[in-house]
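*Asks:* sequence and predicted model, in that order:
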Number of protein chains: 2
Amino acid sequence: MGWGGRIGWFVPLWRWRLKCFIRGAMLTSTEGSAHPRMRFNPSFQRGGNGLTQQPRNGRAPSVKDVAAAAGVSLGTVSNVLNRPAVVSTATRERVERAMADLGFIRNESARQLRAGTSRALAYVMLDGGNPFFQDVAEGIENAADAADLSLFVCNSGGRAERESKHLDRLVQQRVQGILITPVDPDASHVADIARRGIPFVMVDRLSSTGDHCSVAVDDVLGGRIAVEHLIDRGHDRVAFVGGPESIGQVRERYQGAREVWEEFGKPAEDLIHLPTEALTVSEGRSAGERLAGLPSRRRPTAAFCANDLLALGLLQHAVTAGLRVPDDLAIVGFDDIDFAAAAAVPLTSVRQPRQELGRTAARLVLDEATNPDHQHEQATFVPALVARASTGTVRR
Amino acid sequence: MGWGGRIGWFVPLWRWRLKCFIRGAMLTSTEGSAHPRMRFNPSFQRGGNGLTQQPRNGRAPSVKDVAAAAGVSLGTVSNVLNRPAVVSTATRERVERAMADLGFIRNESARQLRAGTSRALAYVMLDGGNPFFQDVAEGIENAADAADLSLFVCNSGGRAERESKHLDRLVQQRVQGILITPVDPDASHVADIARRGIPFVMVDRLSSTGDHCSVAVDDVLGGRIAVEHLIDRGHDRVAFVGGPESIGQVRERYQGAREVWEEFGKPAEDLIHLPTEALTVSEGRSAGERLAGLPSRRRPTAAFCANDLLALGLLQHAVTAGLRVPDDLAIVGFDDIDFAAAAAVPLTSVRQPRQELGRTAARLVLDEATNPDHQHEQATFVPALVARASTGTVRR
DNA sequence: TTGTACGCGTTATCAA
DNA sequence: TTGATAACGCGTACAA
């Protein structure tokens, strides 16, 4: 059975349900004007708050119902909704009264159909379990809220096929714009979005082609300041903890680390790469085990982690293993999520302006959606080191 | 200017944008059947992936465009989409080809309008900054995904007026069902949802009235096992850290704590309430300060925190202040978020089945949406203590 | 097997 | 100031 069949099956149930919840509702005497349309809708009832209605056949009341109840035409109701000034006070009040009585609520689908686009944005995030992206999402939501738009928040969980599925659905929904932190910025299903002309902003990744907006911090620079800070503190052997390399952010933060390491004339083999399979707390713990397993003369005295989750996992392992942080092992994270400061040994981290990334991305996508002179923009933020106890002491 | 004006202004921009991105796209010779409708759409082009089209006046291609391009009627296209079996292979392929060429994507608004309901669920969460709710949301999203539904994730941030605004929008969107962890379960705007007949499930709160489904753990029991665990470990003075009392979860966890404290014959004044203004890490820190400020003979040797965020804040303050955890201060949290286990002193916590709460809630809301025999259900889960290092030792 | 015609709820245009 | 009517895109009777 195809979709049509299922839809046809849904509708009666919907009616059935309405019929059920009506049972027990307070019903008072029928009221309303003597408008002839009224006889087609004989079941209007009035209750305290307009929710005790059973308009027509069980569907939600429409402008048509309101018009009938108020004894005016459909166009007038529309005017009350969209150009209140143009309708006389008396009729407007009558219509408003009818809307309240019926519990009328505008149907967004119909408005969308008419308008050609929905009143929603969407953010497809890379990892819902990482508070960093939640904070970005919060920034977006605030901006969306201010523009009176709803926000679809989707989570790809790092899986390309799930991301693609989400995007398909969002395009079907005709969302006004899509913000995404992509699994792979070069994936075709990502490029297709911009090519369709849907306002589109890449978050936490810069566009290489420049054919859409993007918002990110300079990850290479972030890697640089993290490692420079560790060099400052006198560390001569440093671990870079992070992976997989398919993640651009990881690559660039590592690159920044290597650059500055080299510039300070340190031997490349003293910047030790501990690859991880994901940017998670548990991968951080496992990296900690590998780190502890190194022969002591090869063992780093500090670690720069590609994000805070890894750093927290590493920190946990270190403390459990009896290492003193920062004396035995200094740790720098990346993102500066709230939990970094809240760790038992507060974590030094490279701060990204999380909410502002989101706000800016939303601003750009809205500009693309509304401004005919929109120019694609690559908004780059400068990361900042927030030094805390986990790198507290200067060595030697 | 009212909304109508703005919409009217949007549409031309939309066209303008499409015109722009088309520039530079590869254009090949016009192709297609000689169907007469074709002349109304003279600008069809074919490219590699169907995205280089400029159908009609800049709007996304509709079934009508597909029909014209394939040289069939509109109904046939619809049949291809909804009852592929009923259409001959040859025409079906021709239609599918046309859809691919044009980059046709179904318009959800139109489907919704027709179907009377959207293909989306919604979850309004209480605190987006708390990973607990993110995990619940993830459970919901997985279930929604399996049912091929989109999920609106909204965040009230504990503010009733924001929650109400979200709910208004969701009702306008005609979502299939609403899941919510409400600021106040008894608020009228919450009750209105269920009264409207919208499938509705309360998450992390039980329904008192029974006129809708709900999913939660037994918070009183959770409070009991937390404090019983501390009593087991030999603690005679315990703090309950949590607030505000307007949050039902806080009240009930506290109640459970008091019950078991009394049952063990402990004097009521030795269960010390440290109220907080929110369930956040920073409030946990501030509670830590107050705790440290107590005279030593009144100072608790253990703390039960109303959630893990408070516990992490308290832990952080304790470590910073030089207290040993658990020797000087044992700590129990609630929720067992991932960061609890990842804290530098892994946190003992009362575990809620976070994802399962979400999955169950989604299951219930879908049942209400589709099953005519749906009965409201109060799904109660049993919390479980997860003992970790933060309460590690038995005292005395 | 395919095509025609109508309705979903809203908004905008135009006429009264 | 108000009313009638035609779209928007899709799904589906019903007719051919």
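*Replies:* Happy to help now that I have it.
*Asks:* C-alpha only now, for contacts and for neighbours.
*Replies:* Will do.
*Asks:* hmm, the helix or strand encompassing residue A:91 in reach of chain B?
*Replies:* Taking DSSP states H and E as the definition, one finds residue A:91 inside helix A:89-102. No: using Cα under 8 Å from any Cα of the partner chain, helix A:89-102 never reaches chain B; the gap is at least 11.0 Å.
*Asks:* show me how far that helix is from its chain's centre.
*Replies:* 39 Å (Cα atoms, centre = their mean, to the nearest Å).
*Asks:* return the set of buried residues in that helix.
*Replies:* A:91, A:92, A:94, A:95, A:96, A:97, A:98, A:99, A:100, A:101, A:102 (16 or more other Cα atoms under 10 Å in any protein chain shown).
*Asks:* which two of the residues you listed have the greatest separation?
*Replies:* A:91 and A:102 (16.4 Å; Cα to Cα).
*Asks:* coming back round to it: buried sites along the helix or strand that comes right after the helix holding residue A:91?
*Replies:* Beyond helix A:89-102 on the C-terminal side, the first helix or strand identified by DSSP H and E is helix A:108-115. Applying a neighbour-count criterion of 16+ other Cα under 10 Å, one finds A:108, A:109, A:110, A:111, A:112, A:113 buried in helix A:108-115.
*Asks:* is it possible to export the residues you listed to TSV including distance to DNA strand D and pLDDT?
*Replies:* What follows is those, written out as TSV (distance: Cα to the nearest atom of the strand, whole Å; pLDDT from 0 to 100):
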residue	distance to DNA strand D	pLDDT
A:108	11	93
A:109	9	93
A:110	6	94
A:111	7	93
A:112	8	92
A:113	5	92
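*Asks:* out of those, which touch DNA strand C?
*Replies:* Contacts with DNA strand C within those, counted by Cα under 7 Å from any atom of the strand: A:108, A:110, A:111, A:113.
*Asks:* and of these, the nearest to residue B:324?
*Replies:* Using Cα to Cα, residue A:108 is the member of these that lies nearest residue B:324, at 56.9 Å.
*Asks:* what are the boundaries of the helices in chain A?
*Replies:* A:3-22, A:63-70, A:74-82, A:89-102, A:108-115, A:131-146, A:160-172, A:188-195, A:219-232, A:248-263, A:281-293, A:308-320, A:338-342, A:354-370 (DSSP state H).
*Asks:* contact partners for the nearest residue to residue A:363 once chain neighbours are set aside?
*Replies:* Leaving aside its chain neighbours, residue A:363 sits nearest to residue A:143 (7.2 Å; criterion: Cα to Cα, 6 or more residues apart in numbering or on different chains). Contact analysis of residue A:143 by Cα atoms under 8 Å, 6 or more residues apart in numbering or on different chains lists A:359, A:362, A:363.
*Asks:* most neighbours, which of the residues you listed?
*Replies:* Counting neighbours by other Cα atoms under 10 Å in any protein chain shown, residue A:362 comes out on top of these with 30 neighbours.
*Asks:* distance of the residue nearest to residue A:363 from residue B:391?
*Replies:* 43 Å (Cα to Cα, to the nearest Å).
*Asks:* number of residues surrounding residue A:294?
*Replies:* 11.
*Asks:* pLDDT wise, what is it at?
*Replies:* Per-residue confidence (pLDDT) for residue A:294: 94.
*Asks:* thinking again about what came up before, distance to residue B:221 for the helices of chain A - can I get that in JSON lines?
*Replies:* Output for those, formatted as JSON lines (distance: least, Cα to Cα, whole Å):
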{"stretch": "helix A:3-22", "distance to residue B:221": "33"}
{"stretch": "helix A:63-70", "distance to residue B:221": "50"}
{"stretch": "helix A:74-82", "distance to residue B:221": "50"}
{"stretch": "helix A:89-102", "distance to residue B:221": "43"}
{"stretch": "helix A:108-115", "distance to residue B:221": "43"}
{"stretch": "helix A:131-146", "distance to residue B:221": "29"}
{"stretch": "helix A:160-172", "distance to residue B:221": "38"}
{"stretch": "helix A:188-195", "distance to residue B:221": "48"}
{"stretch": "helix A:219-232", "distance to residue B:221": "46"}
{"stretch": "helix A:248-263", "distance to residue B:221": "44"}
{"stretch": "helix A:281-293", "distance to residue B:221": "30"}
{"stretch": "helix A:308-320", "distance to residue B:221": "30"}
{"stretch": "helix A:338-342", "distance to residue B:221": "28"}
{"stretch": "helix A:354-370", "distance to residue B:221": "37"}
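*Asks:* assess the claim that residue A:203 and residue A:356 are in contact.
*Replies:* No: applying Cα atoms under 8 Å as the test, residue A:203 and residue A:356 come out as separate, 11.1 Å apart.
*Asks:* need the residues of the stretch 51-200 of chain A near DNA strand C, please.
*Replies:* Checking the stretch 51-200 of chain A against DNA strand C by Cα under 7 Å from any atom of the strand, the hits are A:59-64, A:74-75, A:78, A:81-82, A:105-108, A:110-111, A:113-115.
*Asks:* please redo it, this time with the cut-off set to 6 Å
*Replies:* Within the stretch 51-200 of chain A, the positions near DNA strand C by Cα under 6 Å from any atom of the strand are A:59, A:62-63, A:74-75, A:78, A:81-82, A:105-107, A:110-111, A:113-114.
*Asks:* need the max-distance pair from those.
*Replies:* Longest span within those, Cα to Cα: A:59 and A:82, 22.9 Å.
*Asks:* the residue nearest the centre of chain A and residue A:271: what is the separation?
*Replies:* Nearest to the geometric centre of chain A sits residue A:137, at 3.4 Å (Cα atoms, centre = their mean). Note on residue A:137: its distance to residue A:271, by Cα to Cα, is 34 Å.
*Asks:* ok, now residue A:154?
*Replies:* Residue A:154 sits 37 Å away from residue A:271, going by Cα to Cα.
*Asks:* give me the more crowded residue out of the two.
*Replies:* Using other Cα under 10 Å as the criterion, residue A:154 and residue A:271 rank with residue A:154 on top: 25 against 22.
*Asks:* find the nearest non-adjacent residue to whichever residue of the stretch 101-250 of chain A sits closest to DNA strand C, please.
*Replies:* Closest approach of the stretch 101-250 of chain A to DNA strand C (Cα to the nearest atom of the strand) occurs at residue A:106, with a separation of 3.4 Å. Using Cα to Cα, 6+ apart and skipping residues adjacent in sequence, the residue nearest residue A:106 is residue B:172, 5.7 Å away.
*Asks:* my guess is that neighbour contacts residue A:110. True?
*Replies:* No: Residue B:172 sits out of contact with residue A:110 when judged by Cα under 8 Å, with a separation of 10.1 Å.
*Asks:* mean pLDDT lowest for which of the helices of chain A?
*Replies:* Across the helices of chain A, helix A:3-22 gives the lowest mean pLDDT, at a mean of 27.
*Asks:* residue contacts, residue A:253?
*Replies:* A:219, A:220, A:221, A:222, A:223, A:224, A:306.
*Asks:* that older thread, tell me which of residue A:203 and residue A:356 has more neighbours.
*Replies:* residue A:203 (28 against 17).
*Asks:* bridged to that one, which residues?
*Replies:* Beta bridges link residue A:203 to residue A:215, judged by DSSP bridges.
*Asks:* residues contacting it?
*Replies:* Here residue A:203 is in contact with A:179, A:180, A:181, A:182, A:214, A:215, A:216, A:357, A:358, A:361 (Cα under 8 Å, 6+ apart).
*Asks:* which of these tops the neighbour count?
*Replies:* residue A:361 (32 neighbours).
*Asks:* correct me, but it touches residue A:216?
*Replies:* No: counting by Cα under 8 Å, residue A:361 does not reach residue A:216; the two are 9.2 Å apart.
*Asks:* and the residues of the stretch 51-200 of chain A next to DNA strand C, which are buried?
*Replies:* Buried members of these, counted by 16+ other Cα under 10 Å: A:62, A:63, A:74, A:78, A:81, A:105, A:106, A:107, A:110, A:111, A:113.
*Asks:* kindly reformat those as JSON lines containing distance to residue A:148.
*Replies:* Output for those, formatted as JSON lines (distance: Cα to Cα, whole Å):
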{"residue": "A:62", "distance to residue A:148": "22"}
{"residue": "A:63", "distance to residue A:148": "22"}
{"residue": "A:74", "distance to residue A:148": "26"}
{"residue": "A:78", "distance to residue A:148": "20"}
{"residue": "A:81", "distance to residue A:148": "16"}
{"residue": "A:105", "distance to residue A:148": "16"}
{"residue": "A:106", "distance to residue A:148": "15"}
{"residue": "A:107", "distance to residue A:148": "16"}
{"residue": "A:110", "distance to residue A:148": "17"}
{"residue": "A:111", "distance to residue A:148": "15"}
{"residue": "A:113", "distance to residue A:148": "18"}
